[in-house]
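Participant: curious how this folds, go ahead:
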Amino acid sequence: MTCPNCGETVGANDRFCEGCGTSLLVARTPVGGPLGKTGGGPCVGCGGANVGAEGFCEDCGRAQPTGRDRMEHDLGLVAGVSDKGARRARNEDSMAFGVVAGESPTVVAVVCDGVATSDRADNASQAAVDEATTVLLDAVLEGKDADGATRAAVARAIDVVTALADPSVPGTAPSCTFVSAVVTPTEVTVGWVGDSRIYWLAAAGSRPLTIDDTVATELVAEGMSEEEAMSVHQAHALSKWIGADAGDIEPRTLTFTPDGPGLVLLCSDGLWNYLPEPQALVDALPAPPTEVDLLPAASELTRVALALGGHDNITTVLVPFPPNPTPSGA
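Facilitator: Below is the predicted model of the structure:
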């Protein structure tokens with residue numbers, strides 16, 4: 001066996017590499033994002049096999065994405081897809097996730113959606129997911145409380161995104177939303193800022209685990225009817241976000257103890273705008289929540305959003321509950 005970081009030989013029972021100190025219990029997405037594959041597979045739009053040498057599908061005409069345009073990664077106990085969609089010039093969503101191995105593995109996952117009206121939104125979202133995932137993985141390794149770790153992860157994301165701002169260009173501070181999940185064999189802890197979402201998907205009792213931080217949601221909380229709130233100008237505008245211009249932000253958190261197996265879905269609004277209801281998401285899966293193959297299921301949800309218009313960037317990350325110690329790809 002060799003260390004995945006430095007290549008030095010390690011023992012089967014070693015927990016850390018003696019050469020570089022890397023934990024051998026952790027697998028995670030690459031820092032900077034799991035940049036996309038080029039060619040060699042079916043069309044990401046229609047699933048057809050007729051992709052030409054120049055990278056265009058001969059059935060639906062879609063250019064096959066590269067780099068950040070289409071990012072996919074599968075760690076067995078968590079998998080995700082991030083796609084720029086059909087109408088955006090670039091992908092400003094980001095995802096990062098990791099697994100702490102063992103008899104009772106724990107999965108952490110983070111999704112951030114760059115605010116399109118801000119500067120370098122893609123840099124903001126990528127820095128946020130990378131740093132927050134590191135904080136969460138370190139906390140799991142150290143046996144820290146998941147709720148406290150979630151708050152620390154958001155605080156770190158705020159720091160790194162704020163540092164991207166150019167003080168000489170006011171009003172364009174890089175910004176993003178934030179959702180995270182820590183999934184253990186007994187519970188799910190989530191945290192959020194903004195309008196990216198986390199859902200619990202199961203045969204019965206599917207529901208959203210987050211509440212959007214938007215103008216409309218705030219107005220409903222103050223007593224306005226949902227119909228009135230949704231008719232307000234900029235009803236969907238964010239009331240909270242991560243960025244140098246966001247003010248003092250505290251995330252909301254929730255710890256959820258499922259009463260049976262299911263799926264935890266983290267997604268940006270590029271998915272849930274088309275499928276906002278939990279049952280619609282369950283119905284769009286290629287198999288029941290407890291039976292899906294994670295990466296194909298994430299790809300299918302993404303394909304559905306593309307087929308319905310793909311107006312925005314689409315990010316879909318799936319984690320099974322409880323995390324199975326035998327990854328589906330093993």
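Participant: the helix or strand containing residue 135 - contacts with which helices or strands?
Facilitator: With elements taken from DSSP states H and E, the one containing residue 135 is helix 121-141. Judged by 3 or more Cβ pairs under 8 Å, 6 or more residues apart in numbering; DSSP states H and E, helix 121-141 is in contact with strand 26-28, strand 93-100, strand 106-113, helix 146-162, strand 175-176, strand 178-183, strand 242-243. From N, CA and C alone the C-beta is placed, and that goes for glycine too.
Participant: assign residue 218 to helix, strand or coil.
Facilitator: Using DSSP: H, G, I helix; E, B strand; the rest coil, the secondary structure recorded for residue 218 is helix.
Participant: where do the strands sit along the stretch 151-300 of the chain?
Facilitator: Secondary structure of the stretch 151-300 of the chain, counting by DSSP state E, counting those that start in this stretch: strands at 175-176, 178-183, 188-193, 197-201, 207-208, 242-243, 252-256, 262-267.
Participant: any chance of those in CSV with mean neighbour count as columns?
Facilitator: What follows is the strands of the stretch 151-300 of the chain, written out as CSV (neighbours: other Cβ atoms under 10 Å):
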stretch, mean neighbour count
strand 175-176, 31
strand 178-183, 29
strand 188-193, 26
strand 197-201, 23
strand 207-208, 14
strand 242-243, 27
strand 252-256, 15
strand 262-267, 27
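Participant: same for the lowest-mean-pLDDT helix or strand in the chain, what does it pack against?
Facilitator: Lowest mean confidence among the helices and strands of the chain (mean pLDDT, DSSP states H and E): helix 226-230, at a mean of 78. When contacts are defined as 3+ Cβ pairs under 8 Å, 6+ apart, helix 226-230 packs onto helix 215-221.
Participant: closest one to residue 58 among the strands of the stretch 151-300 of the chain?
Facilitator: strand 262-267 (30.2 Å; Cβ to Cβ).
Participant: tilt between that closest one and strand 197-201?
Facilitator: If you take axes from the mean of the first three to the mean of the last three Cα atoms, to 10 degrees, strand 262-267 sits at 160 degrees to strand 197-201.
Participant: can I get strand 262-267 in PDB, CA atoms only?
Facilitator: Extracted in PDB, the C-alpha atoms of strand 262-267 (Å, rounded to 0.1, in the frame of the first residue of the first chain):
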ATOM      1  CA  GLY A 262     -33.000   6.600   2.800                       C
ATOM      2  CA  LEU A 263     -31.000   9.200   0.900                       C
ATOM      3  CA  VAL A 264     -29.600  12.600   1.800                       C
ATOM      4  CA  LEU A 265     -29.700  14.900  -1.200                       C
ATOM      5  CA  LEU A 266     -27.800  18.200  -1.400                       C
ATOM      6  CA  CYS A 267     -28.500  20.400  -4.400                       C
END
